[in-house]
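In: Compute the structure for the input listed below.
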Amino acid sequence: MAHKVLLINGSPRANGCTARALKEIADTLHGEGIETELIQVGNLNLRGCVACGFCGKNGRCVVNDKVNEVAPLFEQADGLIVGSPVYYGSPNGTLLSFLDRLFYSTSFSKQMKIGAAVVSCRRGGNTASFDVLNKYFTISSMPVVSSTYWNQVHGFTAEDVEKDLEGLQTMRNLARNAAFLIRAIAAEKEKNGLPEREHSTFTSFPDGK
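Out: Residues are numbered from 1 along each chain as shown. Here you go, the predicted model:
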């Protein structure tokens with residue numbers, strides 16, 4: 001059975017720094033026998049969640065846009081790698097709107113799908129953005145893929161990123177680790193199933209105690 005990873009480009013630029021990082025990952029994953037699909041979202045007109053509750057009753061977001069299109073692809077994929085440029089020390093706002101709605105409106109289990117964040121910046125704000133993106137995975141029982149440095153590249157243009165040899169090396173090591181984890185998880189799932197998950201406790205302190 002072929003394994004597949006979705007690559008999400010949160011940059012408005014389809015051929016910019018973030019795209020160059022994702023290409024390095026895709027090329028390496030292909031060499032490891034993992035299929036990829038690149039999805040461009042940073043240039044789309046995507047709104048954030050309005051907490052209407054429609055998805056809880058209907059299994060999809062009330063706004064029928066790229067989120068609902070990607071949801072079934074995400075359900076079938078073995079993992080999600082999300083790339084974003086850094087804007088004011090944070091990921092692209094359009095990407096965050098997309099991820100908020102994608103994760104919240106989908107009821108299928110994301111347990112043991114691998115997740116990884118990749119950020120690009122000219123100079124600073126990368127680790128703060130990296131932290132924000134990783135939280136989507138850690139709340140969803142998705143193992144976060146690490147590398148030999150934080151998953152980031154530096155540059156103002158894609159040509160600059162070509163000179164960031166350590167950054168590109170980090171992307172390749174990330175991809176190899178992702179491929180290993182996907183295969184290991186699939187083998188363990190087939191042998192022993194997925195880990196048990198508890199859902200009965202939800203702390204909200206409604207009585208004020």
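
In: what pLDDT, on average, does the top helix by length along the chain get?
Out: As assigned by DSSP state H, the longest helix anywhere in the chain is helix 165-192. Averaged across helix 165-192, the pLDDT comes to 97.

In: mind listing what's buried in it?
Out: Neighbour counts over helix 165-192 (16 or more other CB atoms under 10 Å) mark 167-168, 170-179, 181-182, 185 as buried. The way it works is simple: take the backbone N, C-alpha and C, and place the C-beta from them, glycine included.

In: Nearest spatial neighbour of residue 134, chain-adjacent residues omitted?
Out: residue 117 (5.2 Å; CB to CB, 6 or more residues apart in numbering).

In: CA-only coordinates of the host helix or strand of the one you found in PDB, if you can.
Out: Per DSSP states H and E, residue 117 falls inside strand 114-121. C-alpha atoms of strand 114-121 as PDB (Å, rounded to 0.1, in the frame of the first residue of the first chain):
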ATOM      1  CA  ILE A 114       2.600  12.300  11.200                       C
ATOM      2  CA  GLY A 115       2.800  16.100  11.400                       C
ATOM      3  CA  ALA A 116       5.500  18.600  10.700                       C
ATOM      4  CA  ALA A 117       5.900  22.400  10.400                       C
ATOM      5  CA  VAL A 118       8.300  24.200   8.200                       C
ATOM      6  CA  VAL A 119       8.900  27.900   8.400                       C
ATOM      7  CA  SER A 120      10.800  30.300   6.200                       C
ATOM      8  CA  CYS A 121      12.000  33.800   7.200                       C
END
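
In: Would you state the strands of this protein in chain order?
Out: 3-9, 34-40, 79-87, 90-91, 114-121, 152-154 (DSSP state E).

In: ok so, going back, what angle separates the strand holding residue 117 from strand 79-87?
Out: Relative orientation of strand 114-121 versus strand 79-87 (axes from the mean of the first three to the mean of the last three CA atoms, to 10 degrees): 20 degrees.
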